[in-house]
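Colleague: Whatever this is, show me its structure:
(2 chains)
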Amino acid sequence: MTAPLLETRNLSKQFIVGSRFSSLGLRVVHAVDNVSLKIMPGETVGLVGESGCGKSTLGRCITRLYDITAGELYFEGVDISDKSMRQMRPLRRRMQMVFQDPYASLNPRRRVRDLIAEPLRVHLNLGETEVRERVSKLLDVVGLSPDHMERFPHEFSGGQRQRIGIARAIALEPSLIVADEPVSALDVSVQAQIVNLLADLQERLSLTYVFIAHDLSVVRQISTRIAVMYLGSIVELGLARDIFARPSHPYTQALISAVPQPDLKRAGERKRIILTGDVPSPIDPPQGCRFHPRCIYATDKCRKERPILLPLPNGRTVACHYPLNGTV
Amino acid sequence: MSDAVASIRTSRGPWATALRRLSRDKAAMACLAIFCLIVVLSLLAPAYASFANTDPFRSSLDATVEINGVEVPVMEESTEGLALGYTPIGPTWQLGNYFLGADNQGRDVMARLLYGGLNSLLISGAATIITMVLATAIGLTAGFFGGMTDTILSRILDVLWAFPVYLLAISLSIVLIAQGIDLGIIVVEAGSLWLPIFIIAIVYIPYIARPIRGQVLALRRSEFVLAAIGLGVPEHRILLRDILPNVSTTLIVFTPLMLAINMLTESALSFLSIGVQPPDASWGTIIQDGQGLLYTRPMVALAPGLAIALTVLVLNILGDGVRDALDPRSKIKLGGD
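Modeller: Numbering: from 1, shown residues only, chains lettered A, B, ... in the order given. Okay, here's the model as predicted:
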């Protein structure tokens, strides 16, 4: 068995919010709670969950844009959980990030040439002509024209900007790319183009993706495996097609039932599960299973005991006392 | 796909766009022209003095001046009121010939006005540069590194800010003007022009550093800075390439306004004899000289007063123009024209 490219062991990230001087005092937000995940070279792991479930935070912890509160993080076998921002710099050649908002993630005052050349200039000692050549090649790879080099980000559409962001991310030929909702800010017609581009690049550059999204239909297209997150923890992990065919966690089931069914003939087959209530606050998560206040199958055990992630016979890993389609 | 279709062109950058917009703003351009004229005239001060054959820094109580072929003493014996002492000559309106009259020392007011303009512009200009540089350095450091650095720098700014500007400037001046500064490495003599420059520069640092810090704080959390960190860009490079260009618009908008404010402060300090020291001139000192002559020779105080008012006015209008050119959205905010 090959070694994982990236591994998290009980990774947690907490944010301190509020003020010491307010009536509520300082409070702790458990944004990511005890996440253990192995990412193999060449695969795409889709990270899904609703807004605020901590998937973006997890993505930023993995790339060490955030410091980790607890747990360990290994990248290419090296423990990077405690590395300082300065120590991380050389490693960033190997792991890159694509951001959600292609408008905010490109400095509006720099030309496309400089935006894409930035990683090359920082990490490689190249002459200006060679940098220029590489930038023009990268633009070509992501489906833009080298003539776009001298323009500013505001002259591009959202999809084109995301292509610039992708060009910048693959400039150093990294092994891992964390794509944080790379298509959710784009038009549906453009989404498919970008997803196809990412899939194409994965093949050409043998990339490994962590693909964060809340849109399951997008994740289903590109992911090998899917990790479903709820309130900072992974509740289900497994092969993408299996999860879509037979979800084991009630939350996953509800998520999948919300995906629009394009085939009208089959539309009636599936029952839409509508979750009641809101996502509990990660400041004060519920006792027991974190999903129990919204779960239709919840029992007393769920209210008291917190389920841990355990492998099912069908190869799935689920954090539920009463998994659907299988037993613990 | 439309992505591939492209015309080869270099886009106009944000600076070029702003410059174009500014050049279309007639009021701002007129003010820029007037300001340039004021600067050029001030620079011509030595030329004017030699043309008028007068030394604007030495009193010449027994000088005479020829008006329409008649030799007239510059200091005439008073005939008004109690008829005690002397009254300087009034404006002759002849260039190079006591155009604006003489002050109570018999010096050519026009020559002093030009020299005063030179000093006033020099002091407010130098103070503006120092304020901008220091405030930017402080604002960038405090906003970007945060934590303890931010706390210390911000509290220092708070202390500076807690004093009313003039109170602080006056207290500093009173202490420093008499003795100068002697810090071992930095020695500034008493009466040097650098003293008012430093005093004015320091007093206004918080007014620039604060907004810069706030902007940097917001930029620090922006996604493109996060992206730069993710790319492995070193911090100093992020500060220079990603953050500084984005606060530079603010700095540019503040510059003409700061010049105007500094000019007013300089005049006020000089008027109170704690800015430019005699026999040097600045618009503030000339107003002070003219104070006692307000009833008999109002032009002595009026001329520098008008000069200050005009300069400050054009700088303010220019500043507004620059702001509108750099940030067109601000126009909408003003509910504008």
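Colleague: wait, is B:Ile197 part of a helix?
Modeller: Yes. Inclusion of B:Ile197 in a helix is indicated when DSSP: H, G, I helix; E, B strand; the rest coil is applied.
Colleague: neighbours of it, just the number please.
Modeller: Look at B:Ile197: counted by other Cβ atoms under 10 Å in any protein chain shown, it has 24 neighbours. C-beta here means a position set from N, CA and C on the backbone, and glycine is covered the same way.
Colleague: can you pull the buried residues of the one helix or strand A:Arg204 maps to?
Modeller: Counting by DSSP states H and E, the element that carries A:Arg204 is helix A:188-205. Judged by neighbour count (16 or more other Cβ atoms under 10 Å in any protein chain shown), helix A:188-205 contains these buried residues: A:190-191, A:193-195, A:197-198, A:201-202.
Colleague: Closest approach to chain B from the stretch 1-150 of chain A, which residue is it?
Modeller: A:Arg92 (3.3 Å; Cβ to the nearest Cβ).
Colleague: Please determine how far that residue is located from A:Leu176.
Modeller: Separation of A:Arg92 from A:Leu176 (Cβ to Cβ, to the nearest Å): 10 Å.
Colleague: Settle it for me: which of these two has more neighbours?
Modeller: A:Arg92 (23 against 20).
Colleague: about what we covered before: who are the contact partners of the residue of the stretch 1-150 of chain A closest to chain B?
Modeller: Each residue near A:Arg92 by Cβ atoms under 8 Å, 6 or more residues apart in numbering or on different chains is listed here: A:63, A:123, B:230-232.
Colleague: same thing with A:Asp187?
Modeller: A:Asp187 neighbours (Cβ under 8 Å, 6+ apart): A:158-159.
Colleague: now swap in B:Gly90 and tell me
Modeller: B:Gly90 sits next to B:101, B:297, B:299 when contact means Cβ under 8 Å, 6+ apart.
Colleague: can you do 6 Å?
Modeller: By Cβ atoms under 6 Å, 6 or more residues apart in numbering or on different chains, the contact list for B:Gly90 reads B:101, B:297.
Colleague: For the spatially most central residue of chain A, give me phi and psi.
Modeller: Residue closest to the mean C-alpha point of chain A, counted by Cα atoms, centre = their mean, is A:Ile212 at 2.5 Å. Torsion angles at A:Ile212 (phi, psi; degrees, to the nearest 10) stand at phi -90, psi 130.
Colleague: now do B:Val70
Modeller: Dihedral angles for B:Val70 - degrees, to the nearest 10 - are phi -110, psi 130.
Colleague: what does A:Arg134 give?
Modeller: phi -60, psi -40.
Colleague: Looking at it now. What's its pLDDT?
Modeller: Predicted confidence (pLDDT) for A:Arg134: 94.
Colleague: Could I get the contacting residues of it?
Modeller: Contacts for A:Arg134 (Cβ under 6 Å, 6+ apart) come out as A:Leu120.
Colleague: Now with 10 Å, please.
Modeller: A:116-117, A:120, A:124, A:126, A:171 (Cβ atoms under 10 Å, 6 or more residues apart in numbering or on different chains).
Colleague: swap in B:Phe57?
Modeller: B:49, B:105, B:107, B:111-112, B:115, B:278-281.
Colleague: Next one: stretch A:29-41, is it in contact with chain B?
Modeller: No. Stretch A:29-41 does not reach chain B (Cβ under 10 Å from any Cβ of the partner chain); its nearest approach is 15.7 Å.
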